[in-house]
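K.L.:
Provided below for reference: sequence and predicted model.
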Amino acid sequence: MRKIMIAGNWKMYKNVSEAVALVEGLKERVGDTGAVEVVVAPPFTAMTAVHHALKGSGIRLSAQNLYHETEGAYTGEVSPEMVRDTGCRYVILGHSERRRIFGESNETVNRKVRSALDVGLSPILCVGESLSEREEGKTMDVVGDQLRKGLAGVADQEMARIVIAYEPIWAIGTGKTATPEQANEVHSHIRNLLSEIYDTEVAARTRILYGGSVKPANARELMGCSDIDGALVGGASLTAESFAEIVLAGTPS
Ligand code: PGA
């Protein structure tokens with residue numbers, strides 16, 4: 001059985017005191033949910049404070065990025081080991097904002113995935129097509145390419161630590177959500193690809209989250225789909241009320 005994961009990607013929002021206040025609100029509402037894995041991804045500047053604030057709760061910590069080198073003269077970057085040292089279990093990699101704004105290629109994303117695995121982190125690997133790619137009928141090819149290249153060199157047994165997030169770019173921060181059918185179609189394509197690249201066991205075990213304008217109003221229907229194993233939430237993860245409602249929507253009854 002795949003455990004539902006609800007992850008909040010805070011992006012470049014929340015200073016330290018705001019971050020701690022948000023975590024306190026979350027702990028009250030969803031701090032001891034065992035049925036769902038709840039994850040928050042604050043900005044690096046709030047990571048240590050959030051780590052401390054999360055103590056005693058079941059909520060887990062994720063980073064939003066890392067740099068693949070171990071250490072060195074890389075001004076402004078944060079290494080995999082440094083990320084792990086902050087108490088993170090997860091790291092979001094290949095987010096479309098990183099690909100688009102910061103020019104990360106599939107090869108860069110793959111280096112990051114492998115360096116995260118090397119230090120014991122669990123990558124949340126994001127894939128997803130743009131609006132024009134969808135309109136041109138290229139969704140499955142684009143997503144397939146991102147998946148194969150992002151996972152290059154990742155061994156079968158390491159797949160136990162990989163989470164995939166399907167985030168159609170046209171649905172991120174736009175208020176436009178993929179319909180549950182549109183999302184599930186891509187999710188089952190990803191699962192089929194995983195059984196081609198690995199085997200059916202890996203495919204059946206790997207969690208595939210949906211992301212892109214997930215909110216309390218659409219979360220239940222999305223997560224009711226057979227191949228959707230949770231959500232990667234941006235905007236709606238920034239208040240404890242809406243994020244907790246999404247967690248509740250994902251909680252098996
Ligand atoms: P959104 O962002 O929920 O605000 O659309 C999702 C994401 O970018 O992970």
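P.N.:
On my side now, so go ahead. Numbering: from 1, shown residues only.

K.L.:
so residue 124, which of the three states?
P.N.:
strand (DSSP: H, G, I helix; E, B strand; the rest coil).

K.L.:
May I ask which helix or strand encompasses residue 175?
P.N.:
Of the helices and strands defined by DSSP states H and E, none includes residue 175.

K.L.:
can you give me the helices for this structure?
P.N.:
Using DSSP state H, the helices of the chain run over 16-30, 47-54, 80-85, 96-101, 106-118, 131-135, 139-150, 180-197, 200-205, 216-223, 240-250.

K.L.:
Mind checking the pLDDT average for the third one?
P.N.:
In this case it means helix 80-85. For helix 80-85, mean pLDDT is 98.

K.L.:
same for it, what does it pack against?
P.N.:
Packing contacts for helix 80-85, counted by 3 or more Cβ pairs under 8 Å, 6 or more residues apart in numbering; DSSP states H and E, involve helix 106-118. Where C-beta positions appear, they are placed from N, C-alpha and C, glycine not excepted.

K.L.:
pLDDT of the helix it packs on, averaged?
P.N.:
98.

K.L.:
got the angle for it vs helix 139-150?
P.N.:
50 degrees (axes from the mean of the first three to the mean of the last three Cα atoms, to 10 degrees).

K.L.:
Run through who's touching helix 106-118.
P.N.:
65-70, 80, 83, 91, 93-94, 98-99, 104, 122-123, 125, 145-146, 149-154, 158, 161-162 (Cβ atoms under 8 Å, 6 or more residues apart in numbering).

K.L.:
now swap in stretch 174-185 and tell me
P.N.:
Under Cβ under 8 Å, 6+ apart, the answer for stretch 174-185 is 166, 168, 170-171, 186, 210, 212-215, 218, 221-222, 224-228.

K.L.:
out of these, who's near the ligand?
P.N.:
Counting by Cβ under 6 Å from any ligand atom, 212, 213, 214 from the contacts of stretch 174-185 sit close to the ligand.

K.L.:
Could you tell me how many residues sit around the closest residue to the last one other than its chain neighbours?
P.N.:
Once its chain neighbours are removed from consideration, residue 214 has its nearest residue in residue 231; the separation is 4.4 Å (Cβ to Cβ, 6 or more residues apart in numbering). Number of residues near residue 231 (other Cβ atoms under 10 Å) recorded here: 28.

K.L.:
repeat for residue 88
P.N.:
By the measure other Cβ under 10 Å, the count of residues near residue 88 is 26.
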